[in-house]
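**Student:** how would this look folded up:
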Amino acid sequence: HQESARFQRVYLGVKSQISRMMVGQDEVIDGVMTALLAGGHVLLEGVPGLGKTLLVRSLAQAVDAKFSRIQFTPDMMPADIQGTSVLIENERGQHELRFQEGPLVSNLVLADEINRATPKTQSALLEAMQERQISVGRRTIKLEEPFCVLATQNPVEQEGTYPLPEAQLDRFLFKLVVGYPREEDYAAILDRTTGAGEIKIEPATDGAEIVRLRHVVRAVPVPAHAQR
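**Tutor:** Sure, this is the predicted structure:
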């Protein structure tokens, strides 16, 4: 009972922080939170300008987690997102190879316009989503939990895109369709985007607690008839 009360408190705390920035879109916020707490990844589909990036950035601030945004383009290579070894000069003036982590080494990764990436780059993202690790050369880097990929795709623009293969769609827990705001929400959106005040999101929890709450989710008993 204590655990479920804490779960509810954290969930509502994070949600209320996100709602200070986002207007409406309740179902989408619930969906993204569900994926994070279930340890899954989400595909967000919607036309540009509906606040998909804003939602993910707000979630990262409310959870106090590392956030990175990758804008996918057709010429992007796996090394651009995983990281690569670079030659640098140390204090003694000698050159040495050092691995520089890419944006994929993070907690919450926003993969913007994922269907613009070539299959080769999509596959690098796939390994991270499935195995929670990335392989670069002979190096394997374990990604720290919570690790959640929130990918967006634009439904209207099919020019220069590589549709996600069926097997790749399977890596996502679900797809959320981000629709236009309700008519009554527009006034609040205008107030927040053109007003003088700046909204600051306060952390309501941290990554370690999200990992603990995932165990609470797993501990919920499922009756046999529901399993059937």
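
**Student:** Could you list every helix and strand in contact with the longest helix belonging to the chain?
**Tutor:** Counting residues, the longest helix found in the chain (DSSP state H) is helix 2-21. With contacts taken as 3 or more CB pairs under 8 Å, 6 or more residues apart in numbering; DSSP states H and E, helix 2-21 sits against helix 26-38, helix 52-63, helix 207-218. The C-beta positions use only the backbone N, C-alpha and C, and glycine is treated the same way.

**Student:** That helix - what's its average pLDDT?
**Tutor:** On average, the pLDDT along helix 2-21 is 89.

**Student:** That helix to helix 52-63, inter-axis angle?
**Tutor:** Here the directions of helix 2-21 and helix 52-63 differ by 140 degrees (axes from the mean of the first three to the mean of the last three CA atoms, to 10 degrees).

**Student:** who touches helix 2-21?
**Tutor:** Outside of helix 2-21, the residues within contact range by CB atoms under 8 Å, 6 or more residues apart in numbering are 29-30, 33, 37, 54-55, 58-59, 61-63, 192, 199, 201-205, 209, 213, 216-217, 219.

**Student:** Selection in ChimeraX covering whichever of these are buried, please.
**Tutor:** Buried residues among the contacts of helix 2-21 (16 or more other CB atoms under 10 Å), as a ChimeraX selection:
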select :29,33,37,55,58,59,61,62,63,201,204,205,209,213
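
**Student:** to the chain's geometric centre, what's the distance from the longest helix of the chain?
**Tutor:** 18 Å (CA atoms, centre = their mean, to the nearest Å).

**Student:** Next, work out how far apart G83 and R182 are.
**Tutor:** 42 Å (CB to CB, to the nearest Å).
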